[in-house]
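Asks: A structural model of the following input is requested.
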Amino acid sequence: MNRKRTIMAMIFIFSLAITLIDAFVHPNYFMKIPIKIIFFLALPMLFFVRNKEAFADFRNLFVFRKKGILTALFLGLGVYAVILGGYFLTRNIIDYSNVTSSLTSGMGITAENFIYVSLYISLMNSFLEEFFFRGYGFITLKKYTSRKVAYLFSSSLFAVYHIGMLVEMFHFGALLLLLLGLIVGGCIFNYLNERNDNIYPSWFVHMFANFAINTVGFILFGVL
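Replies: Have a look, this model is predicted:
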């Protein structure tokens, strides 16, 4: 199997696997952490280990460059404001009542342990997703296929991966809107990383997006 097909197959299979685990197995969130580390970090690493000439590309994903970081930080603050503002604007339109009950019944997340979950989501989980979908699924894939294919494929699978965890929280219309937003967001993340050829810009923006989502979570759990 050539490298293009290998990368695309791994992105598709691993994204679908996590989606199905979320949708049907409903593991405790703390049990899901090692599963995501295996699928989103350990197994993709095998591609670089088995392809020594591609290992330089792997190292480049983590070369820190000041260029673009300040822009990413300002964009992250803007994303935080937009997500939090979007919640306040839509909370009387969209029913968010299923969110906390779904998190508690499906993943064992409660108001008491949400602080630990939120820290993991914002820092570690965002890193895993950026490495997998942007570092491996876009920057690396783009070397073996067209730019348009890499953009569309990585951002679409990024949205698909979220279906399992969102499907029980929102009604169909809200879910479609969220998935569209995830595709657009994935394309923006790809663009940020394409300009800098590493995953730090999108990781910083992703962290701020998760900070905003977690702020909403604290509000819904009644902590704030």
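Asks: what residue lies at the spatial centre of this structure?
Replies: residue 129 (4.4 Å; Cα atoms, centre = their mean).
Asks: Thought residue 40 was touching it, still the case?
Replies: Yes - taking contacts as Cβ atoms under 8 Å, residue 129 lies within contact range of residue 40: 6.8 Å. The way it works is simple: take the backbone N, C-alpha and C, and place the C-beta from them, glycine included.
Asks: Going by contacts, tell me the helices and strands next to the longest helix along the chain.
Replies: In the chain, with assignment by DSSP state H, the single longest helix is helix 172-196. Secondary-structure packing of helix 172-196 (3 or more Cβ pairs under 8 Å, 6 or more residues apart in numbering; DSSP states H and E): helix 69-90, helix 147-166, helix 200-220.
Asks: Could I get those in JSON lines, plus columns for distance to residue 104?
Replies: Shown next, in JSON lines, are the helices and strands packed on helix 172-196 (distance: least, Cβ to Cβ, whole Å):
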{"stretch": "helix 69-90", "distance to residue 104": "19"}
{"stretch": "helix 147-166", "distance to residue 104": "13"}
{"stretch": "helix 200-220", "distance to residue 104": "11"}
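Asks: tell me the most buried of these?
Replies: Sort the helices and strands packed on helix 172-196 by mean neighbour count, taking mean count of other Cβ atoms under 10 Å, and helix 200-220 sits at the top with a mean of 21.
Asks: now the angle between helix 172-196 and that helix, please.
Replies: 150 degrees (axes from the mean of the first three to the mean of the last three Cα atoms, to 10 degrees).
Asks: Show me what helix 200-220 is in contact with.
Replies: Contacts to helix 200-220, defined as Cβ atoms under 8 Å, 6 or more residues apart in numbering, come from residues 64-65, 68-69, 71-73, 75-77, 79-84, 87, 96, 99-100, 103, 114, 118, 121-123, 125-127, 129-130, 134, 185, 188-190, 192-193, 195, 224.
Asks: returning to what we had before: possible to save the helices and strands packed on helix 172-196 as JSON lines with mean pLDDT and distance to residue 176?
Replies: Shown next, in JSON lines, are the helices and strands packed on helix 172-196 (pLDDT from 0 to 100; distance: least, Cβ to Cβ, whole Å):
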{"stretch": "helix 69-90", "mean pLDDT": "92", "distance to residue 176": "14"}
{"stretch": "helix 147-166", "mean pLDDT": "93", "distance to residue 176": "10"}
{"stretch": "helix 200-220", "mean pLDDT": "94", "distance to residue 176": "18"}
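Asks: Compare those helices and give me the one nearest residue 31.
Replies: When the helices and strands packed on helix 172-196 are ranked by proximity to residue 31, the top entry is helix 147-166, at 14.0 Å, counting by Cβ to Cβ.
Asks: Which elements pack onto that closest one?
Replies: By 3+ Cβ pairs under 8 Å, 6+ apart, helix 147-166 packs against helix 3-20, helix 172-196.
Asks: angle of the first one against helix 147-166?
Replies: Between the axes of helix 3-20 and helix 147-166, defined by the same axes, to 10 degrees, the angle is 20 degrees.
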